[in-house]
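[1] Sequence first, then the predicted structure, then my questions.
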Amino acid sequence: MRMNTQLKQQTWGFSGSFRAMASPCELLIATDDKQVAMQMLQLASDEAQRIEAKYSRFISANVLWQINHAQGKSVAIDAETYQLLLFAQQCYQLSDGLFDISAGKLMRLWRFDKNSAIPTPEILNQALLAVDFEQVKFTTTELQIPTEMYLDFGGIGKEYAVDRVANTLAQRWPDISVLVNFGGDIACPVKRVAECSPWQVGIEDPQRLDQALVSLQIRQGALATSGDTRRYIELDGVRYGHIINPKTGYPVVHAPRSVTVLGPNCLTAGMLATMAMLQGEQAEDFLTEQQVQFKIYR
Amino acid sequence: MQLTHKKNIAQALAIASCGLVNPVAEAATDDRFFSGWDIDAALMYYGEQDRVQAIEAIGDFQKQYDDESQLNLKVVFDSLTGASASGAVAQSQHQTFTRPSGDGQYIVGAGDTPLDDSFKDTRLQLSANWIEQLSLEWQSNIGVYGSREFDYTSLGVNGGIERSLNKDNTTLAISAAYTYDLLEPVGAKPVPLSAMAIRQDFISEQAFRQAFNLTRGDDSDDKQTLDLILGLTQIINANWLMQFNYGLSSVAGYLTDPYKILSVVDNSGTSQQYRYEHRPDSRLKHSLFALAKGVVAGDIVDISYRYNSDDWDINSHTFDGHYRHYFSDDFYGQLHLRYYLQSAAEFYQPFLLMGSILPEYASADYRIGEMTTYTFGIKFGHKLKGDHELSYRLEWYQQTPKNNGTALVGQLQQHELFPSLTAVIAQVSYSF
């Protein structure tokens, strides 16, 4: 019955950690009440695990697995899945088709261990045939996708989990400032009061991993990073990043090494970072035009 | 492929994410009072045909404080009405009995099993248990218990310790409990084996009262119980586990049921008088229990056997089994079968014979006589939204007392001295 959560007392409150979604997850909690901190950490861990269990593509027989193995038949979906699909649809439209959760089959071909082989054009073309969000038909209660298609919520799942956890905590403990950090995707829903110093968030330099280079201050809001700092293939001197263009089947050319964006919530920040990545050379221009705070490493 | 013509993407995303991020009504109704608590609420009905009926409300509250500790609180409230067999035998003529208080009497018709209809009670039980994980291998628990009904108060403490071995595949447990019960019978404790005074045998109310008072002892008495249980749980493989328990229970104090009586019959089997029962003031019980629980083709099965033996010579065997089938992830059905077999206490006798020497101990209480019982139950459970579960069960209980070898004299042969009893149990539970 032991969970993987760990709580530590700090001068400013408590820090808690656990592992979920293949990432280290962290909570910074501005309270002196250990009992409350423990409850908040437990809730965060439970919720992260719930979402992971439901939507991870690495778990069989979960909701996503059922969708992907429906053999072209219609499957019943709940309100949460509907909301996720709706958001994915809006991202698809806003990105002119560059962000596409129906590209699951394509994504699986690219394995980002440093020296993996690059898929052949024939295989990529075959996979591209199964990618098209226009063919994802859904209502509030049902979803139908073509037999060959694989949905993948990987592009929004972790950000969604951060926001869900952050908002649930803020709702139950509206007076406790907390910073939710799941592997670098961060949300801080309750404003850190003026008397306290803001939360400090370090942003990694892709060239010097594990060494926080720029420290960002945050009192309220969210921050997300899209980057190929750890996930890339290098072949014949060409570096292939982990952001795949679902229209070409290949990683985006001239994409920045990492993009960090500040936003009102983690989903928004994360999607802006991903979209900026997909812009390749124009990443900076894109984010400047969106009038958001960001940090790009090339 | 440029997005630069859309300057409002950030805003559009912020709006689009609102539906997802801001918890909808479902989360908003999250009750703060219940936050962090797992609660089981149940309502149970128990009804014996023409006899006792009970309604019980159960509230079970569980809270995990961190990985290491857990608090369980339980509240049970029950209300009983109806009549239970007094121990006297049925007769061909009607019978008159004095109520336990001495105030008034009740009459039982010819051929009917005498029931004491003054049986009416409400009881409140409270218990709290704290479980503490001391280390990876050691777990401990302590608890307190209290219950109160109008003539009975019970207070108890318990504690136990568990040790896990073999990477949690084996668990050894030892636990002990101490209970103190205080009895305050209506009309005080009857004098053991004294004859019931009946108003019509006396010329005046005063003479009757005087005689009745002679059958009365102290207003209250107590008993103390010490229980000890040794347990071993062993995981056999991914699908099966087994559990073995040995229990020792020692009770000392007032163990007599102050409301039970015995008929004293003559050679024709006709009741001449009634005497209040008397039981030994100690009882030592041993029990052995074995359980196998596992998964068979996705269904959950458990079977268990219990053997009880005590120094009153009551030996019993219980065979119990459940079979649970999941029709879907959210819906299951469960069958329950139970068979119970008990031998009579050495001092049990269905009646006393006029003229024979009074034994030191005697009781005609059917509950310590020879009997078999069967239980058949079905239960269904639904998983609802947000981890809530609704379940309902219905059980039939059949109790068949047997003659322990006593020769029936005269008219007793024409009456049902060991009447069967059928009961129905219905329960609705909700967990959230």
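    Sure thing, it's come through. Being a predicted model, the structure only gives us computed values, none of them experimental. Numbering: from 1, shown residues only, chains lettered A, B, ... in the order given.
[2] in the stretch 151-298 of chain A, which ranges drop under the pLDDT threshold?
    For the stretch 151-298 of chain A, residues meeting the criterion pLDDT under 70 lie at A:193-195, A:203-215, A:228-241.
[3] interface residues of it facing chain B?
    Taking Cβ under 8 Å from any Cβ of the partner chain, the part of the stretch 151-298 of chain A that reaches chain B is made up of A:160, A:163-164, A:167-168, A:171-172, A:247, A:263-265, A:267-268, A:271-272, A:275, A:279, A:282, A:285-286, A:289-292. In this view, the C-beta of every residue, glycine as well, is placed from N, C-alpha and C.
[4] Let's see which of these end up in helices.
    A:160, A:163-164, A:167-168, A:171-172, A:267-268, A:271-272, A:275, A:285-286, A:289 (DSSP state H).
[5] what's the farthest-apart pair in these?
    Pairwise distances across these peak at 41.0 Å for A:Arg172 and A:Asp285 (criterion: Cβ to Cβ).
[6] More neighbours: these two, which one.
    Neighbour tally, A:Arg172 and A:Asp285, criterion other Cβ atoms under 10 Å in any protein chain shown: the higher count belongs to A:Arg172, 17 against 14.
[7] Give me the neighbour count for the nearest residue to B:Ser249 once chain neighbours are set aside.
    The shortest distance from B:Ser249 to any residue other than its chain neighbours is 4.2 Å, reached at B:Lys285 (Cβ to Cβ, 6 or more residues apart in numbering or on different chains). B:Lys285 sits with 17 neighbouring residues when counted by other Cβ under 10 Å.
[8] With A:Asp185 instead?
    Under the neighbour criterion other Cβ under 10 Å, A:Asp185 is assigned a count of 26.
[9] For the closest residue to chain B within the stretch 1-150 of chain A, give me its contacts.
    Evaluated by Cβ to the nearest Cβ, the stretch 1-150 of chain A has A:Gln90 as its residue closest to chain B, separated by 4.1 Å. When the contact criterion is Cβ atoms under 8 Å, 6 or more residues apart in numbering or on different chains, the partners of A:Gln90 are B:Ala12, B:Leu13, B:Ala16.
[10] out of the residues you listed, which touch chain A?
    Residues shared between the contacts of A:Gln90 and the neighbourhood of chain A are B:Ala12, B:Leu13, B:Ala16 [Cβ under 8 Å from any Cβ].
[11] Confirm for me that the residue nearest to B:Ser249 is in contact with B:Tyr307.
    No. Under the criterion of Cβ atoms under 8 Å, B:Lys285 makes no contact with B:Tyr307, lying 10.9 Å away.
[12] I figured B:Gly87 hits B:Ala364, correct?
    Yes. Assessed by Cβ under 8 Å, B:Gly87 is found in contact with B:Ala364 at 3.7 Å.
[13] what residues do those two have in common as contacts?
    Common contacts of B:Gly87 and B:Ala364 (Cβ under 8 Å, 6+ apart): B:Lys260, B:Ile261, B:Leu262, B:Ser263, B:Glu277.
[14] quick one: which of the residues you listed sit in strands?
    Judged by DSSP state E, those include B:Ile261, B:Leu262, B:Ser263 as members of strands.
[15] can you put those residues in TSV and add neighbour count?
    Putting those into TSV (neighbours: other Cβ atoms under 10 Å in any protein chain shown) gives the following:
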residue	neighbour count
B:Ile261	27
B:Leu262	26
B:Ser263	26
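[16] List phi and psi for B:Leu214.
    In this entry, B:Leu214 is assigned phi and psi values of phi -70, psi -20 (degrees, to the nearest 10).
[17] From B:Arg279, how far off is it?
    For B:Leu214, the distance to B:Arg279 under the criterion Cβ to Cβ, to the nearest Å works out to 21 Å.
[18] cool, and A:Leu179?
    Spatial separation of A:Leu179 from B:Arg279 under the definition Cβ to Cβ is 68 Å.
[19] Comparing these two, which residue is more hemmed in?
    Summary of the neighbour comparison: A:Leu179 and B:Arg279, criterion other Cβ under 10 Å, with A:Leu179 having more neighbours (25 against 21).
[20] Just give the closest residue to the more buried one, not the sequence neighbours.
    Of all residues not flanking A:Leu179 in the chain, A:Leu28 sits nearest, at 4.1 Å (Cβ to Cβ, 6+ apart).
[21] number of nearby residues for A:Gln58?
    Not Gln; residue A:58 is Phe. 11.
[22] Look at it and give its secondary structure.
    Here A:Phe58 is recorded as coil under DSSP: H, G, I helix; E, B strand; the rest coil.
[23] returning to what we had before: can you tell me which of the contacts of A:Gln90 has the most neighbours?
    Of these, B:Leu13 is surrounded by the most neighbours, 26 neighbours in total, counting by other Cβ under 10 Å.
[24] wait, is that residue part of a helix?
    Yes. Looking at B:Leu13 with three-state DSSP, it is inside a helix.
[25] who touches it in this structure?
    Listed by Cβ under 8 Å, 6+ apart, the contact partners of B:Leu13 are A:Gln90, A:Cys91, A:Leu94, A:Gly263, A:Leu267, A:Thr268, A:Met271, A:Leu272.
[26] tell me the SS of the first one?
    So that's A:Gln90. Under three-state DSSP, A:Gln90 falls in the helix class.
[27] Next, work out how far apart it and B:Gly19 are.
    The spacing between A:Gln90 and B:Gly19, counted by Cβ to Cβ, is 10 Å.
[28] all strands of the stretch 51-200 of chain A, in order?
    A:75-76, A:137-138, A:142-144, A:178-182, A:185-188, A:199-205 (DSSP state E, counting those that start in this stretch).
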